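> Provided below for reference: sequence and predicted model.
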Amino acid sequence: MNRKSAWKDGIFIVGIYLMLLLAVLLVPVLNIVAIWVLPLPVVYFAVKHGIKSTLILYLILCLIAWPIHVIALVLTFVFAMVGGVIGELHRRKADGFAVLIGASLAYIFHLLSAYVVFTLGFEMSMRQVIRSQHEQVTELLEQTGRSTDQISILLEGLDMMVYMVPFMMVLVGASLGLLTVWLAGIMLRRFNIETNRLPALRNWGFPKAFIWYYLIAFVVMLTGPEEGSTLFLAITNVFILIETIMTIQGLSFILFFFHHKKLPKILGILVVVMCIIIAPLQQIIRLVGIADLVLDLKSRLGSQRK
């Protein structure tokens, strides 16, 4: 694409982006939808014109957003960058997982930056914020008729969330990345732009090395590292992250099994929903995921089909 075409498309993209940005800031209800499509104009531009032109567009959008409102600048700083990353990866014909990882890392970077700014700016750690709410939470729970033991357990869980901040950042970043990549794929295909899609969940698979990581993390957890220590923080987040990966692996196998047996798709959807809602079911799904990685169950089923 020549420079004249890039400038022409750039003006059009700036106009579309500003309309979406103003909708996010000023239009109730519609802003819930508009905020998630905010990266899409930048995705389209990046696919067509490459990283250099996209960087110039990104700077222009930030400069325009700055006088509007600080929130407009923050939104542009985040979503325009994510859009540029997704668009550039699609332009390079990266596979679906690579695009998802790129988008997720971009979101995680911004979440981490926001956490650091909050901590330094207010000179207050997340632990202090949560513990400062203990009294209010206790009063609220007492009004609902909870016993002292139940309240203690809930407060301990609340305190535990402090140590799970890195995991929650990864989880939120990956979820936002998945949503944005999905919307970007729909948009690009509407414009007849070829993209590499994410494979269906039933075809997902993680390296067998995760089994060893899981065992190592489990053994270290059994040694009882001191609460609050760097080791405790690291191993807690690693262990929870790998448990989540094993759960995804288990869901992947179950969906693969349903597809292999030509069972109704609705059954697979119900299993996924029930796994999210019912915590004990997650333990079973996790064991299925571990078995799939260790025994390579998908390959065994696939060979039986042949």
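Thanks, I have the structure now.
> so, low pLDDT: which residues of the stretch 51-200 of the chain?
120-159 (pLDDT under 70).
> repeat the analysis, applying 90 as the threshold.
For the stretch 51-200 of the chain, the stretches with pLDDT under 90 are 96-97, 112-168, 193-200.
> the stretch 201-306 of the chain now?
Using pLDDT under 90, the stretch 201-306 of the chain drops low at 201-210, 214, 217-218, 220-236, 254-255, 257-284, 294-306.
> what's the separation between residue 254 and residue 89?
30 Å (C-beta to C-beta, to the nearest Å). All C-beta spots, glycine's among them, are computed from the backbone N, C-alpha and C.
> same question for residue 163.
Taking C-beta to C-beta, one finds residue 163 at 33 Å from residue 89.
> ok, the two, which is more surrounded?
Remark: of residue 163 and residue 89, residue 89 carries more neighbours, 25 against 19, as counted by other C-beta atoms under 10 Å.
> then the helix or strand hosting that one to PDB, C-alphas only?
Per DSSP states H and E: residue 89 is located in helix 70-91. Output in PDB follows, covering the C-alpha atoms of helix 70-91 (Å, rounded to 0.1, in the frame of the first residue of the first chain):
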ATOM      1  CA  VAL A  70      -7.800  11.500  30.600                       C
ATOM      2  CA  ILE A  71     -10.100   8.400  30.300                       C
ATOM      3  CA  ALA A  72     -10.100   8.800  26.500                       C
ATOM      4  CA  LEU A  73      -6.300   8.800  26.500                       C
ATOM      5  CA  VAL A  74      -6.100   5.700  28.700                       C
ATOM      6  CA  LEU A  75      -8.600   3.800  26.600                       C
ATOM      7  CA  THR A  76      -6.800   4.800  23.400                       C
ATOM      8  CA  PHE A  77      -3.400   3.900  25.000                       C
ATOM      9  CA  VAL A  78      -4.700   0.400  25.700                       C
ATOM     10  CA  PHE A  79      -7.200  -0.600  23.000                       C
ATOM     11  CA  ALA A  80      -5.400   1.100  20.000                       C
ATOM     12  CA  MET A  81      -2.200  -0.700  21.000                       C
ATOM     13  CA  VAL A  82      -4.000  -4.100  21.300                       C
ATOM     14  CA  GLY A  83      -5.600  -3.400  17.900                       C
ATOM     15  CA  GLY A  84      -2.200  -2.700  16.400                       C
ATOM     16  CA  VAL A  85      -0.700  -5.900  17.800                       C
ATOM     17  CA  ILE A  86      -3.600  -8.100  16.500                       C
ATOM     18  CA  GLY A  87      -3.600  -6.400  13.100                       C
ATOM     19  CA  GLU A  88       0.200  -6.700  12.600                       C
ATOM     20  CA  LEU A  89       0.100 -10.400  13.600                       C
ATOM     21  CA  HIS A  90      -2.700 -11.100  11.200                       C
ATOM     22  CA  ARG A  91      -0.800  -9.200   8.500                       C
END
